[in-house]
Every structure is written in C-alpha cells, then in structure tokens.
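J.: Sharing a model that was predicted from the sequence below.
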Amino acid sequence: MRINPDIFKEYDIRGTYPIDLNEEIAYKIGRGYGSYLKEKLNSSFCVVGRDNRLSSLSLSNALIEGIIDSGCDVYNYGQITTPMHYLTRHQNHAYGIMVTASHNPKDDNGFKFSFDHLANARGQMIYEFRDYVLKNQFLSGKGKVILKDCKKDYLNYMKRNIQMGDRKVKAVIDLGNGATTCIAKEVHQLFKNLDITYICDTNDGTFPNHHPDPAVEENMEMLKQKVLEVHADLGIAYDGDGDRIGIILDNGKYISADLYMILIIKNLLPTLENKTILYDVKCSKSLEDEIIRLGGKTYCYRTGTSYTEAKTKELNLSFGGEFSGHVFFNDRDYALGSGIYAGLRLMEIVSKTDRRLSEMLADISKYYSTPEIKIATTNDKKFEIVKEVLNYVKEKNYQYNAIDGVRVTFPNGWALIRASNTGPNLTIRFEAKTEEYLNTLKKEFMDVVNQFL
C-alpha cells in the first residue's frame, strides 16, 4: 500500500483512520522506525505506548510487529498518556513512539516519535524519516516484545514534585474521556487536601461529550458550568492524550494558556536564578509585560510542542510554554510536558494563598485580542501567502519577527500570520491596546492575506 507523504507533519505523523493511516501503513512505519534506529542511531530497542482512541490498539499492534520484524526490541507500555510515555523514554534512555492523534477528532490517529533525548522528532528529522520510509528498504530480524508498566513510577514522579500547602483546593477536572482517565484519579488521590469533582471521566475514545481540545473555548462549556455550580476554586481540562491543559477561573471564565503561564510565573519567577521564560509567537503581550515587570527575560520562539520542549531543555530554562496549552516545568525534575502536572502546579499555588485566581490576574496588562483565526488554503499556498505578507511588511519597514511566520510588532499591538504546521491552513492572531486599533490591524493584514487566497 502506498503511504501518503502528507501524513508526515512538522511535529508527528497524523491522518484519518483508516484512510490515511491503517494497520498496513502502521506496520511499514514500524518497520522503518526499527530499521532507522538500528541503522542511523545504533539502538536496538524502543518504547511504545498508545492512547485510548478506538483505532489505537490495532495500530499499536501493527506498529510493534513492524518494529520487531526489523530486529528491534519493544518495551510495550500499553494504554498510557503521552506524558507517561515521555517518562518511559527518560527512564530507559530510549527512543520511542506514542500512538495518538492528541486533540484531533476521534477518527484521526497518528504517531509522536523521537530520534533524540530532548523532545519528539520535529521538522527536518521527520522529513528525513519520511524519505527513509518511502524508500521501503528495511532491515530484517526478529526482535521481542517486553510488556512493561510505568504507573508506579509516574505516581512517584508526581508525589515527589508537588508540595501542596495547607489550604483545601476545590477543583473541577474534565478528563475529556481521553487517555488521562487511566491515571488522573490515582494521581490526585496522592494529595489529601484536594477536593475534586470529575466530569467526562469515563474511558471512551469516541469523545462523546465534546472535542478533546481545551484550547478551544467552546469545548470548555461543561467545565465552566460545573465550576460555577459547585463554587470551585478552578477548573482544569486535559486534551485527548494528556499533554495539554485548559483552565477555567473561579468566576467561570475561560483563560488562554498564556494567562495560565502568567499565573505560574508570578509565583515561579522570583525564585529562579535563570529568569528567562520561553513562549511562542501566538502568546499575548500581557505575558511579555509580566515577565519584564517581574525582572525576567523574554524568549519568543516558534510554535510547536516539540520545538518548545527542545529549546526549553537545550537552554536549561526553568519554564516554557505555548498558546496551545503545552507547558514545560524544568525547575524540579525531568520536564514531562504533562497536563496533569501542570494542573497540580496551579493547584499547589492556590493551596498556599487566600487569594482567588481571578484576583491574581486583575493587575496584568489588558489587551484586546482575537482568538486564533484559521483560514483554509493548500499546503503549498499557505507558505506563499506568508512570503507575500513578509514582503509587504518589509516594504512598509515594519518591525517583525520571522522565526515562525510573520509576527509584526507595533507600539500598541501586533499581528501574526503563519502557516499551520498541522494542516492546510493559515493561523492568524491580532492583539492591540484598544478595540479600535485591533480592528485597524485586522483589516490591514486581512486585506493583504485576501489578495493571495
């Protein structure tokens, strides 16, 4: 069966099951992965985990079959979260594959995989692997499968890295019927002063209650209502594979991940020796303002969890995150990029203060902003449009950052136009000091984009 090269994305392999990704393709990718590890990285084993999507078990089985047929051994951890998978890589000092489509719709699936010990494969690493797989020249052998369990180690990681205060924290947690249903309750039971109400807490890979993406506010309506109903201190949601977080404040309001990062750095930054905080190009200037106000240094970087994690570790930063809800704490132990851990760190802050979370954000810089705007186009055209926007910005002599698309900065606002790394879309955001200027920015740059659509 021919493999569609378009399933090899900037951060992972992802497609619709069984159209773009099925058991035969999974076997070939596994065969290629095991061969690649042996031939290029001198490694003879890897770790594999899977989320709870309906297709994940059969895809995982086919993937593993391909890996062992290359002569590579597999430590199979079964159904786990992506952060649990990251822990297995770290503990075994191993490369590995997680079968998941993260926050994508239920019919999608994919593979997050690694070729180094910083983060998931990204960019050129993936495209080189794509070319290797498409050549169909694999090694042969007979590896073995070893069944493993990481639950105890994951619970120990959580217990030793969280220090709750005296205040009892009342929280509502939305598991989104995703992979966190296999571990979240056991994690929270480790901490006696947590009073937690769960919603969407059955293991169901069809995601019957809402789409498993906490970065989209409409997916958080159930959580908002429950936070207000039980008078909780906060609400927390995880995505389908458990590596991202979404937050609802005590007043029932949704906040984006950059505001979550502000809540964290208000507590964290004063304690750090290295005060550089990394964030991606989609984050609000409120975050930049707060980092500077607290005596920190800003590092605005490209979007993508693999890039965020790798750069945070590479620079040995204590904290980094991105607008989509991936955050990395590197101040206490190995950074796992875990939604459950990110939620615990916020509950830890609440447990040590009498203030409400909504009060902690009352004094930050206020800006008007759009949500992330997605405009459908083609994979080729999206890059051409970004290039045209860059030409326009240069002609106007505007100040810009081109690390990921074009982020144009003005004294009272900014505009971002970038090519999505996960689909045939442009992703666009605007932010300004006033609503009027926001509309002015939006009109100027949407007019430029629309010329080339």
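T.: Happy to help now that I have it.

J.: Only C-alpha atoms from now on, for both contacts and neighbour counts.
T.: Noted.

J.: how much space between residue 258 and residue 132?
T.: Counting by CA to CA, to the nearest Å, the gap between residue 258 and residue 132 amounts to 38 Å.

J.: Please read the previous query as pertaining to residue 300.
T.: Distance, residue 300 to residue 132, by CA to CA: 33 Å.

J.: Any idea how far the host helix or strand of residue 263 is from the middle of the chain?
T.: Using DSSP states H and E, residue 263 sits in helix 257-268. Relative to its chain's centre, helix 257-268 lies at 16 Å (CA atoms, centre = their mean, to the nearest Å).

J.: From the rest of the structure, what touches the helix or strand just after that helix?
T.: Sequence-wise, the next helix or strand downstream of helix 257-268 (DSSP H and E) is strand 276-280. Residues outside strand 276-280 that contact it (CA atoms under 8 Å, 6 or more residues apart in numbering): 291, 296-303, 308, 312, 317-323.

J.: Apply the buried test to these and list what passes.
T.: Among these, those buried by neighbour count (16 or more other CA atoms under 10 Å) are 291, 296-303, 308, 312, 317-323.

J.: roughly how far apart are the residue nearest the centre of the chain and residue 8?
T.: Centre of the chain computed as the mean C-alpha position; nearest residue by CA atoms, centre = their mean is residue 326, 3.7 Å away. According to CA to CA, residue 326 and residue 8 sit 21 Å apart.

J.: again with residue 337
T.: Note on residue 337: its distance to residue 8, by CA to CA, is 22 Å.

J.: Have a look at the two and say which one is more surrounded.
T.: Comparing residue 337 with residue 8 by neighbour count (other CA atoms under 10 Å), the higher total belongs to residue 337, at 30 against 21.

J.: So that one, which state does it fall into?
T.: Here residue 337 is recorded as coil under DSSP: H, G, I helix; E, B strand; the rest coil.

J.: just use 7 as the starting number from now, easier for me
T.: Right, with 7 as the first residue, what we last looked at is residue 343.

J.: Quick check: pLDDT value at the closest residue to it other than its chain neighbours.
T.: Among residues not flanking residue 343 along the chain, residue 334 sits closest, at 4.9 Å (CA to CA, 6 or more residues apart in numbering). pLDDT for residue 334: 98.

J.: Residue 334 belongs to a strand?
T.: Yes: using three-state DSSP, the assignment for residue 334 is a strand.

J.: burial count for it?
T.: 28.

J.: Quick one: residues contacting it.
T.: Counting by CA under 8 Å, 6+ apart, residue 334 touches 315, 318, 325, 326, 327, 341, 342, 343, 344.

J.: Kindly recompute the last result at 6 Å.
T.: 325, 326, 327, 341, 343 (CA atoms under 6 Å, 6 or more residues apart in numbering).

J.: Pick out the most distant pair among those.
T.: Across the contacts of residue 334, the longest distance by CA to CA is 11.6 Å; it joins 327 and 341.

J.: from the contacts of residue 334, which single one is nearest residue 116?
T.: Distance to residue 116 across the contacts of residue 334 (CA to CA) is lowest for residue 343, with 18.5 Å.

J.: and that closest one, how far is that from residue 155?
T.: Using CA to CA, residue 343 is found at 20 Å from residue 155.

J.: again with residue 137
T.: Plainly put, residue 137 is 33 Å away from residue 155 if you go by CA to CA.

J.: For the one helix or strand residue 395 maps to, output the C-alpha coordinates as CSV.
T.: Taking DSSP H and E as the definition, residue 395 sits inside helix 385-402. Provided in CSV are the C-alpha atoms of helix 385-402 (Å, rounded to 0.1, in the frame of the first residue of the first chain):
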residue,chain,number,x,y,z
ASN,A,385,-0.2,23.3,1.9
ASP,A,386,1.7,25.0,-0.9
LYS,A,387,-0.3,28.2,-0.9
LYS,A,388,-0.1,28.8,2.8
PHE,A,389,3.7,29.3,2.6
GLU,A,390,3.4,31.5,-0.5
ILE,A,391,0.9,33.8,1.3
VAL,A,392,3.2,34.1,4.4
LYS,A,393,6.0,35.0,2.0
GLU,A,394,3.8,37.7,0.4
VAL,A,395,2.9,39.1,3.9
LEU,A,396,6.6,39.2,4.7
ASN,A,397,7.3,41.2,1.5
TYR,A,398,4.6,43.6,2.4
VAL,A,399,6.0,44.1,6.0
LYS,A,400,9.5,44.7,4.6
GLU,A,401,8.2,47.3,2.1
LYS,A,402,6.4,49.1,5.0
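
J.: In its sheet, which strands sit next to the helix or strand where residue 53 lies, and in what direction?
T.: Secondary structure from DSSP H and E places residue 53 in strand 51-56. Strand pairing for strand 51-56, determined by DSSP bridges: strand 79-85 (parallel), strand 101-105 (parallel).

J.: need the next SSE after the longest one, C-terminal direction.
T.: Scanning the chain past strand 79-85 towards its C-terminal end, the next helix or strand to appear is helix 88-98 (assignment: DSSP H and E).

J.: Just want the angle from that next one to strand 79-85.
T.: Orientation check (axes from the mean of the first three to the mean of the last three CA atoms, to 10 degrees): helix 88-98 against strand 79-85 gives 150 degrees.

J.: Distance from the chain centre to helix 88-98, please.
T.: How far helix 88-98 lies from its chain's middle: 15 Å, per CA atoms, centre = their mean.

J.: next one: stretch 117-130
T.: The answer for stretch 117-130 is 13 Å, by CA atoms, centre = their mean.

J.: hey, what's residue 431 bridged with?
T.: Judged by DSSP bridges, the bridge partners of residue 431 are residue 382.

J.: Test my guess that it contacts residue 383.
T.: Yes: in this structure residue 431 lies within contact range of residue 383 using CA atoms under 6 Å: 5.4 Å.

J.: Among these two, which residue is more densely surrounded?
T.: The residue with more neighbours, out of residue 431 and residue 383, is residue 431; 20 against 16, by other CA under 10 Å.

J.: Return the residues in contact with the more buried one.
T.: Taking CA under 6 Å, 6+ apart as the definition, contacts of residue 431 comprise 381, 382, 383.

J.: Tell me how far the first one lies from residue 452.
T.: So the one you mean is residue 381. 11 Å.

J.: Same check on the last one?
T.: Taking CA to CA as the criterion, residue 383 is separated from residue 452 by 14 Å.

J.: Equivalent analysis for the second one, please.
T.: In this structure, residue 382 and residue 452 are separated by 14 Å, where distance is defined by CA to CA.

J.: And the helices in the stretch 57-206 of the chain?
T.: Assigned by DSSP state H, counting those that start in this stretch, the helices in the stretch 57-206 of the chain fall at 62-75, 88-98, 130-141, 157-167, 190-194.
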